[in-house]
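Chemist: kindly generate the corresponding structure for this input.
(2 chains)
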Amino acid sequence: SQKIEQNSEALNIQEGKTATLTCNYTNYSPAYLQWYRQDPGRGPVFLLLIRENEKEKRKERLKVTFDTTLKQSLFHITASQPADSATYLCALRGRGSTLGRLYFGRGTQLTVWP
Amino acid sequence: DGGITQSPKYLFRKEGQNVTLSCEQNLNHDAMYWYRQDPGQGLRLIYYSQIVNDFQKGDIAEGYSVSREKKESFPLTVTSAQKNPTAFYLCASSIVPTGNQPQHFGDGTRLSIL
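Modeler: Got it, this is the predicted structure:
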């Protein structure tokens, strides 16, 4: 069966450190992978998209990698701040799947403490 | 400001009652989606619509119904046939129904049983 797994339910790190979140998938062949941030009681907000032929994508303090051999994406937040505390979701679209369908992981709750 | 508006923010349903959740977008997006989010679970797709007057079932459509009579509106009805409706419901839209475009989310409706 198809599965998307995000490394752990919760990740706690100290301010200033780099947070690394993992998204692993099985039985998918995604053409695109997206990362979202969700705050409590709010809807997810899009952060980054990476294509299967891209190894890495950056946006300010955020970096995403995509390894189709390992079937894994890593999401990094450098110089983390308490304001980065949120749940981060990965989502992917399988090649050949119904247009617009995204499959979401359960998310990793990140807490950055001062 | 453009965005997606979901209402109400909180909704209570009595046994045997149908309730309708509103979703309106002024982003001029073609595609719209309804997801259900339960604690510790990823977003699960209920229904999606790629264009006006057309919609498809997602993974958990039983007990739900939708309509797409206008581009900007995609209401979701939770029927009495849905035996476990307590959840956080999220509406989203994207410019076109392809996986290389981000989805924009509303801030959700939390539905509870009285």
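Chemist: which stretches of chain A have low pLDDT?
Modeler: Counting by pLDDT under 70, chain A shows low-confidence ranges at A:1-2, A:94-100.
Chemist: where do the strands sit along it?
Modeler: Secondary structure of chain A (DSSP state E): strands at A:3-6, A:10-14, A:19-26, A:30-38, A:45-51, A:56-59, A:62-67, A:72-77, A:86-94, A:103-104, A:108-113.
Chemist: how about the residues of chain A near chain B?
Modeler: When proximity is defined by C-beta under 8 Å from any C-beta of the partner chain, chain A lies next to chain B at A:4, A:9, A:31-32, A:34, A:41-46, A:49, A:51, A:89, A:91-93, A:97-107. Where C-beta positions appear, they are placed from N, C-alpha and C, glycine not excepted.
Chemist: show me which of the residues you listed are buried.
Modeler: Neighbour-count burial (16 or more other C-beta atoms under 10 Å in any protein chain shown) applied to those gives A:4, A:31-32, A:34, A:43-44, A:46, A:49, A:89, A:91-93, A:97, A:100-107.
Chemist: so what would you say the end-to-end distance of stretch A:33-48 is?
Modeler: One end of stretch A:33-48 sits 8 Å from the other (C-alpha to C-alpha, to the nearest Å).
Chemist: contacts for it, please.
Modeler: Residues from elsewhere that reach stretch A:33-48 (C-beta atoms under 8 Å, 6 or more residues apart in numbering or on different chains): A:23, A:49-50, A:52, A:57, A:59, A:62, A:64, A:66, A:73, A:75, A:86-93, A:102, A:107, B:4, B:6, B:43, B:90, B:92, B:99, B:102-108, B:110.
Chemist: write the ChimeraX selection for whichever of those residues are buried.
Modeler: Command for ChimeraX that selects the buried part of these, burial taken from 16+ other C-beta under 10 Å:
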select /A:23,49,50,57,62,64,66,73,75,86,87,88,89,90,91,92,93,102,107 /B:4,6,43,90,92,99,102,103,104,105,106,107,108
